[in-house]
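In: Here's a sequence, model it:
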Amino acid sequence: RPVNDEVPVVAAGLKAVLGCVEGRAAAITAEYLYATDADSDNGSLTYLIARQPYHGVVLRAGAIVDRFVQADITAGVVSYKHTGLEIGLEPRHDTITFVISDEDSGSAPPCCGGGGRGGGGGHPARSRGTARLSDSLPVYDLQITVFPV
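Out: I've put the predicted structure just below:
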């Protein structure tokens with residue numbers, strides 16, 4: 001059996017911002033969120049939500065979730081739904097922070113179990129992109145723009 005010692009890698013060239021109409025849902029597709037792993041099945045890569053969006057929720061097949069797998073993205077069943085109040089005339093910006101793990105990681109990353117990264121303001125100055133936790137799992141911020149109707 002091969003050793004599972006490679007961490008997932010966020011794909012290059014992903015679209016920078018997911019657009020969503022106020023009060024509606026927008027599909028999170030592989031154009032916005034995708035990773036690969038040299039020694040695991042890419043479809044089984046798990047996306048753990050380390051920081052929930054402020055103005056909406058993440059849905060898998062219509063149900064609010066805190067994690068999903070890449071096969072869900074490929075199947076088109078993952079979306080962001082704006083649930084906030086009427087936004088007025090200006091677009092609103094939202095962010096979802098994901099930690100990407102392969103199936104054999106063995107434990108939840110420190111961000112997602114209540115400790116680790118802290119309350120939601122740990123990195124407001126960091127823009128879209130990746131960083132690394134102490135256990136080497138990639139972290140990815142998906143930026144969302146909610147447009148008024």
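
In: Roughly how far does residue 82 sit from residue 22?
Out: Look at residue 82 and residue 22: by Cβ to Cβ, to the nearest Å, they are 6 Å apart. Quick note: C-beta positions are derived from backbone N, CA and C, even for glycine.

In: With residue 91 instead?
Out: According to Cβ to Cβ, residue 91 and residue 22 sit 9 Å apart.

In: And for residue 42?
Out: Residue 42 sits 33 Å away from residue 22, going by Cβ to Cβ.

In: remind me which residues of the protein are low pLDDT?
Out: By pLDDT under 70, the weakly predicted segments of the chain are 1-2, 103-135.

In: quick one, strands of it?
Out: Assigned by DSSP state E, the strands in the chain fall at 9-10, 17-21, 25-27, 35-36, 46-51, 56-60, 63-64, 67-69, 78-82, 92-101, 129-132, 138-147.

In: Can you tell me how far the residue nearest in space to the middle of the chain is from residue 146?
Out: Centroid-nearest residue in the chain, with Cα atoms, centre = their mean: residue 98, separated by 3.7 Å. Noted for residue 98: a distance of 19 Å to residue 146, by Cβ to Cβ.

In: Tell me which of residue 91 and residue 22 has more neighbours.
Out: Just comparing residue 91 and residue 22: by other Cβ atoms under 10 Å the higher neighbour count belongs to residue 22, 17 against 14.
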